[in-house]
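A.B. asks: Pasting a predicted model and its sequence here:
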Amino acid sequence: MSALIRTLACVGLLGLSACDESDAVAVRLRVAPDFSGSLTVSSLSPKEAQAPVALSNSGVSWKSQVELRAAAGDFARLSELKLSDVELSGGEGADGLCFLRLRLPRGENVQWARELVPLDGGQRRDAARALDPKGKADGVGESIKFEITLPAKVLGNGLSGRTRGVKLDSDNEIATLVVPVTTATSAGEPLVWHLTWQK
């Protein structure tokens with residue numbers, strides 16, 4: 001998919017009433033009953049100076065440029081899945097009660113947030129202007145969404161280390177955690193997300 005198509009897809013995504021700017025940078029896991037599954041990741045990065053704009057052009061002076069990157073893949077076992085310095089674990093307990101645990105370290109040198117959004121505040125504002133010309137999505141790249149689709153309805157959805165600005169939600173089989181980049185990159189206790197469901 002070309003950079004232009006990815007950008008247009010994101011603009012369309014941000015324009016939907018059911019979505020928000022946190023959808024631009026996201027890690028989405030879909031977990032099967034046997035703890036295999038699929039993973040989709042979208043991230044932002046500054047456009048390299050020598051990289052061409054996806055559309056040949058003349059007579060325009062570009063003010064805001066950013067690259068939206070996306071990748072999708074499958075994993076055979078959740079226990080073998082490694083994502084930067086994020087820790088993932090899961091399993092099945094007594095009476096078919098299953099759990100998934102995601103641990104997000106915090107601090108100036110965390111890898112996961114820096115890899116998904118390697119932009120400073122000014123570059124994030126540029127990203128917002130490039131991806132939403134209407135100027136409504138001023139928070140593009142300001143937060144990172146983790147979305148997990150479980151094989152059954154979410155029973156438990158809890159977070160330890162919770163701090164201001166972090167949002168937690170669930171709807172049927174889908175649980176979401178939204179973490180501001182400033183929270184991820186500031187000193188503090190790790191965020192540990194706990195999910196449970198009945199097999």
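C.D. replies: Received, thanks.
A.B. asks: Would you mind measuring from residue 165 to residue 159?
C.D. replies: Residue 165 sits 12 Å away from residue 159, going by Cβ to Cβ, to the nearest Å. In this view, the C-beta of every residue, glycine as well, is placed from N, C-alpha and C.
A.B. asks: number of nearby residues for residue 118?
C.D. replies: 13 (other Cβ atoms under 10 Å).
A.B. asks: can you pull the contacts of it?
C.D. replies: Applying Cβ atoms under 8 Å, 6 or more residues apart in numbering, we find residue 118 in contact with 44-46.
A.B. asks: Now for those residues, which sits with the most neighbours around it?
C.D. replies: Going by other Cβ under 10 Å, residue 44 tops these with 22 neighbours.
A.B. asks: How about it: what's its closest non-neighbour residue?
C.D. replies: Excluding its sequence neighbours, the residue lying closest to residue 44 (Cβ to Cβ, 6 or more residues apart in numbering) is residue 141, at 4.9 Å.
A.B. asks: so is that neighbour in a helix, a strand, or just coil?
C.D. replies: What DSSP: H, G, I helix; E, B strand; the rest coil gives for residue 141 is coil.
A.B. asks: ok, which stretches of this protein are helices?
C.D. replies: Ranges of helices within the chain are 3-15, 111-116, 121-131, 181-184, based on DSSP state H.
A.B. asks: List the beta-bridge partners for the most centrally placed residue in the chain.
C.D. replies: In the chain, the residue lying closest to the centroid (Cα atoms, centre = their mean) is residue 26, at 1.8 Å. Residue 26 has the following beta-bridge partners by DSSP bridges: residue 42, residue 145.
A.B. asks: Quick check: it touching residue 147?
C.D. replies: Yes. With contact defined as Cβ atoms under 8 Å, residue 26 counts as touching residue 147 (6.2 Å).
A.B. asks: pLDDT-wise, which helix or strand of this structure ranks last?
C.D. replies: Least confident element among the helices and strands of the chain, by mean pLDDT, DSSP states H and E: helix 3-15 (a mean of 39).
A.B. asks: Low-confidence stretches in this structure?
C.D. replies: 1-22, 48-55, 62-64, 132-139 (pLDDT under 70).
A.B. asks: what's the spacing between the residue of it most remote from its centre and residue 65?
C.D. replies: No residue in the chain sits farther from the centre than residue 59, which is 35.5 Å out by Cα atoms, centre = their mean. Distance, residue 59 to residue 65, by Cβ to Cβ: 17 Å.
A.B. asks: before we move on, what about residue 80?
C.D. replies: Residue 80 sits 37 Å away from residue 65 when distances are taken as Cβ to Cβ.
A.B. asks: More neighbours: these two, which one.
C.D. replies: Using other Cβ under 10 Å as the criterion, residue 80 and residue 65 rank with residue 65 on top: 18 against 10.
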